[in-house]
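> for reference, the sequence and a predicted model appear below.
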Amino acid sequence: MIKATNVVKQYGNLKALDDFSIEIPAGKVGILGPNGAGKSTFVKIALGLLTPTSGEITVLGETLTKNTTEIRRKIGYMPEHDCIPNEMTGVGFLIEMGMVSGMSVAGATERTHEILGHLRMGEEKYRLIGEYSGGMRQKIKLAQGLIHAPEVIFLDEPTSGLDPNARREMLETINGLTDVSNTKVLLSTHILQDVETVCDSVIIVKDGKLQMQEDVKAIVGEKSNFVRVRIGGGSENFISELKKKKITIEDDGRALIIPYVDNSTYDDIIDASVKSKCSLYEMERTSQSMDSVYQEIVE
Amino acid sequence: MNIKLEQVTKNYGDVQGISNINLEVNKGITGILGPNGAGKSTTMKIILGLSRPSRGRVTVDGRNPFDDWELKKDFGFVPEYDCFYEHMSGLEFVSYFLRMHDCQKEEAEERAIEALSELGLEEAMERKINTYSRGMRQKTKVARATVFNPEVLVMDEPFQGADPTTRILLMKKMTEWAENGKTILISSHILHDIQSLTDNIALINNGKMLAHGNRHEIRNLINVPRPISIVPVKDGNLRKLAKRLLDEKWTKATSIDEDTNELTVETTQTEDVYLEIPKILQKEKITVERIYSEDDSLDSLYAKLVEGHQWK
Amino acid sequence: MKGKAQLSNRFRDFDANLTTRPWIVLGMGLRKFNNLLTLRTWNGIGINLMIAVVYLLTFFRFILFIEPEDYPCVDLNDEYQRCVPLDFYGDLLGNAGGTKLFLIAIAATASGGIIGNDMANKSIHLYLSRPISRLDYLIARFIPVFILLLLVTALPNYMILSSMWSGNGLEASWLLDRKWLIVNIMLQGILYSGAYSIIGLTFSTLIKKEGIASSTFFLFVYGTSLVCETFFTILNAFGIDEADYILLLSINHVVDMLSYLIFDTKYYVIAFFEPWEVDIGSIELFAVFTFIFTGCAGFMYWMIQQMEANK
């Protein structure tokens, strides 16, 4: 989808991107990294808004050299900050954006209503954007990035400031995007959980360099050597039952952490809960979280 | 500290803030959840004594926070919006507030440095705030509150816009402070963060308190069948176990998912079932590697409460 | 009805069918022009009223009261001429009785928010993420103001011209004899419209608040004009010849001088009821004008460039 070779972007003394090479596969890709790691610089370069100091970048099979505006026919962009005019109606603004992308009035209108329908916007689409809630504004921002049926859309913090329901809706929409359309997704976010739920693969950038590129399933699927157990009733009996089998237990106040040896550990736990007459709410071998992977790489 | 709200109502003119809220918060971390404009910030302001309830009573350790200035010294507040003097450095900003509270210059500086370093701002604290990233701004706001070593720390969306490193650090610090006996109230839209911080929540919607307390206990109060999922180790046992569980009268429905090798039982007699399942597994000699319920996540609980499943 | 049951593919088959850049830019410009003339905003109402005033002035001051034989120019004396197309751009209060005040007010109102609003609500980021370059964006924002100003510069002048033509019996030879006049009126219209739109756009880029940008633009153009003219007369009264150059500091006067140059007429400033001759070489004039024009365009381009790099 996007390929960068030895890209350097320099602002004065500051190297926003330092010999950055990457090959981003098609699909839903998450970009993570601390503030100022070079994420947005990379996105701006891929959009053709900035030219790299050196290096080469290929987006959707086209090498970005001088004629960088053409690539934006195939790319949609949803910026992080609020950037939509209050004095236009949702529909009016999207049609304008479609036409600025080069669509005809009829095409833009048709597409606007199609997308807004998909995003579950009702009659409020005819109202002024100034009257919209945060969730609706975010939908308009997403819709303007999709209006010209791009092959890729860059999403910059699409869930920031949204309340839980609006967040879930937004994530579901993004998640389904590759199914209902031909648009691939590049998601830049600070919320690791979002990457876990939405993305197929993840990229971690720090200090202008690529630190990691990995399949999300591979990261999250990797199991640790502990089993997390949550029980009801008196945990003392349960703990002493396990202690009889020389199993050490740690209590973090919310759940019990038991070292995993092999599958017999599970049987031991079941056994202990039967003997101690404790209800067993949860038993699960813990797996590596995105948090721990991120921390390991960034710190 | 013990925070108690009894039938508290707060209106701003004809705009509803919160209505008839009862809430009791003790030491440890409590997450305040709810949609935008539900009344979370109003609740926080009332607890902090920043606004006076239109009706009802609020007490902190039996005292009224609205006019008890001694009590207010024990409060720390991290507001949602930035309220900086942008031209100051982080260090100046934090020590400025100390000096407003009759602290000598050297002492103020020392304490400010300590609070800022605790949050990993040693290197940035001399720089002007207008050069700070979102994460650093959030940390500075937190440091401004914690520098007074408050007993009650109220944080409105402290993770908003913060990068993962900041988020992880703040969560670690909050857990530490809570272990030291502080009372921490935190609102966040990212339920996953609250879930990993605490089991104690208060959910506000439309100015009403929908539920508060331990989230597992709250879930048990909702009388909607709960799905319990079991993942056996060997594939062959999936259907065998499903058949076995169908024999139980508490089973309302079962389903299996061949792809994830997962069996789900739906039941209303939750407590009994949690006791019975281990017995059955033991008797049938089926090893399972995972028992969980989708309903245990805060996401699911939140959705159920906001959609009003508890009243069905 | 017989047919196979079908499920539609939601967005997969959508073909956006995009046009080329020039059409996008032109379309953006024309839609914005249309927006400027809307009667739904106070700005739009103001612009429409001022346009009406310009046409009323054109009708009552020029079309009704100019004799066909005095068109386009009459000799005042050996040295000076009075030309109708030049008078049209004169000050309302001077004996010329022209439309300048409204012209500049329209330019100020129309251009005030044209880039500034996009910058203030940050939607400029969205425009720049479209398949147009930064320059395309600037051109697209220049077009509406430019067309609007042509509506109150070249168009009314042509109306005067056609009224004079009809006064002379609508003869083709009359028009043919004045083919250079027709070209000059257009040139002059483009000069005024172009100059004021680009300066208005610059103020809009610099000041992101629509109302303030408009009033600053208006006060700047009239303010510098008044100050320069005052100094010019004072210095002239003392008999200092170089005083002419002070008028180069006023955009208003530079544009006027160029417009006199187009009509090959001697430029003079009326002060104390007397014409004062201004003698500045055309090369200097062109240099100053090019400097202002490219300076403004360059500044705007730089501002937009800068914004993208920082955010």
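Sure thing, it's come through. Remember, predicted model here, so these are calculated numbers, not experimental data.
> which parts of the chain are helices?
As the question left the chain open, I've gone with chain A. Per DSSP state H, chain A carries helices over the ranges A:39-46, A:90-100, A:105-118, A:134-146, A:164-180, A:192-198, A:216-221, A:235-244, A:264-276, A:290-298.
> you looked at the wrong chain, it should be chain C
With DSSP H, the ranges of helices along chain C come out as C:21-36, C:42-57, C:84-87, C:100-111, C:116-120, C:124-128, C:134-152, C:154-167, C:172-177, C:179-206, C:210-237, C:251-262, C:282-310.
> of all those helices, which one is nearest residue A:264?
For the helices of chain C, proximity to residue A:264 was assessed by Cβ to Cβ; helix C:124-128 is nearest, at 58.5 Å. Heads up, the C-betas are built off the backbone N, CA and C, glycines and all.
> so what's residue B:281 up against?
Neighbouring residues of residue B:281 by Cβ atoms under 8 Å, 6 or more residues apart in numbering or on different chains: A:270, B:230, B:241, B:287-288.
> contacts only, for residue A:76.
A:144-148, A:150, A:152-154, A:183, C:129 are the contacts of residue A:76 under Cβ under 8 Å, 6+ apart.
> need the max-distance pair from the contacts of residue B:281.
Checking the contacts of residue B:281 with Cβ to Cβ, the most distant pair is A:270 and B:241, at 12.7 Å.
> wouldn't residue B:270 be in contact with residue B:220 here?
Yes - at 6.4 Å, residue B:270 counts as touching residue B:220 under the criterion of Cβ atoms under 8 Å.
> and these two? which has more neighbours close in?
Neighbour tally, residue B:270 and residue B:220, criterion other Cβ atoms under 10 Å in any protein chain shown: the higher count belongs to residue B:270, 20 against 14.
> check the gap between that one and chain C for me.
40 Å (Cβ to the nearest Cβ, to the nearest Å).
> which ones are touching that residue?
With Cβ under 8 Å, 6+ apart, residue B:270 has these contacts: B:220, B:226, B:228.
> pick out the residue of the stretch 1-150 of chain B closest to chain C.
residue B:131 (12.7 Å; Cβ to the nearest Cβ).
> quick one: which of the contacts of residue A:76 is most hemmed in?
Comparing those by number of neighbours (other Cβ under 10 Å), residue A:144 comes first, having 29 neighbours.
> which parts of the helix or strand of chain B with the lowest mean pLDDT are buried?
Ranked by mean pLDDT, DSSP states H and E, the weakest helix or strand in chain B is helix B:69-72, scoring a mean of 84. Within helix B:69-72, the residues scored as buried using 16 or more other Cβ atoms under 10 Å in any protein chain shown are B:71-72.
> send me it as PDB with only the CA atoms.
Extracted in PDB, the C-alpha atoms of helix B:69-72 (Å, rounded to 0.1, in the frame of the first residue of the first chain):
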ATOM      1  CA  TRP B  69     -12.100  26.100  53.600                       C
ATOM      2  CA  GLU B  70     -10.100  23.800  55.800                       C
ATOM      3  CA  LEU B  71     -11.600  20.900  54.000                       C
ATOM      4  CA  LYS B  72     -10.800  22.300  50.600                       C
END
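> any low-confidence regions in chain C?
Flagging of chain C using pLDDT under 70 yields the residue ranges C:1-2, C:8-13, C:93-96, C:271-273, C:308-311.
> now the strands for chain B?
B:3-12, B:15-25, B:28-33, B:55-60, B:75-78, B:152-156, B:183-187, B:200-205, B:208-214, B:226-232, B:253-257, B:262-267, B:288-292 (DSSP state E).
> which residues touch the first one?
When you say that, I think you mean strand B:3-12. B:17-26, B:42-43, B:46-47, B:51, B:53-60, B:152, B:183, B:185.
> what about the nearest residue to residue C:83 once chain neighbours are set aside, how many residues nearby?
Residue nearest to residue C:83 in three dimensions, not counting chain neighbours: residue C:73, with 4.2 Å by Cβ to Cβ, 6 or more residues apart in numbering or on different chains. Each residue near residue C:73 was counted by other Cβ under 10 Å, and the total is 17.
> let me see the contact set for residue C:73.
C:81-84, C:263, C:265.
> stretch C:43-51 close to chain A?
No - using Cβ under 8 Å from any Cβ of the partner chain, stretch C:43-51 stays clear of chain A, coming no nearer than 11.0 Å.
> okay, buried residues for that stretch please.
Going by neighbour count (16+ other Cβ under 10 Å), the buried part of stretch C:43-51 is C:43-44, C:47, C:50-51.
> likewise for stretch B:173-185?
Quick answer for stretch B:173-185 (16+ other Cβ under 10 Å): B:173-175, B:177-178, B:182-185.
> one more: stretch B:274-282?
Those would be B:274-278, B:280-281, for stretch B:274-282 by 16+ other Cβ under 10 Å.
> would JSON lines of the strands of chain B with distance to residue A:68 and mean pLDDT be doable?
Below are the strands of chain B laid out as JSON lines (distance: least, Cβ to Cβ, whole Å; pLDDT from 0 to 100):
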{"stretch": "strand B:3-12", "distance to residue A:68": "50", "mean pLDDT": "90"}
{"stretch": "strand B:15-25", "distance to residue A:68": "49", "mean pLDDT": "88"}
{"stretch": "strand B:28-33", "distance to residue A:68": "44", "mean pLDDT": "93"}
{"stretch": "strand B:55-60", "distance to residue A:68": "59", "mean pLDDT": "90"}
{"stretch": "strand B:75-78", "distance to residue A:68": "43", "mean pLDDT": "91"}
{"stretch": "strand B:152-156", "distance to residue A:68": "42", "mean pLDDT": "93"}
{"stretch": "strand B:183-187", "distance to residue A:68": "43", "mean pLDDT": "94"}
{"stretch": "strand B:200-205", "distance to residue A:68": "47", "mean pLDDT": "93"}
{"stretch": "strand B:208-214", "distance to residue A:68": "51", "mean pLDDT": "91"}
{"stretch": "strand B:226-232", "distance to residue A:68": "50", "mean pLDDT": "91"}
{"stretch": "strand B:253-257", "distance to residue A:68": "47", "mean pLDDT": "90"}
{"stretch": "strand B:262-267", "distance to residue A:68": "48", "mean pLDDT": "91"}
{"stretch": "strand B:288-292", "distance to residue A:68": "49", "mean pLDDT": "90"}
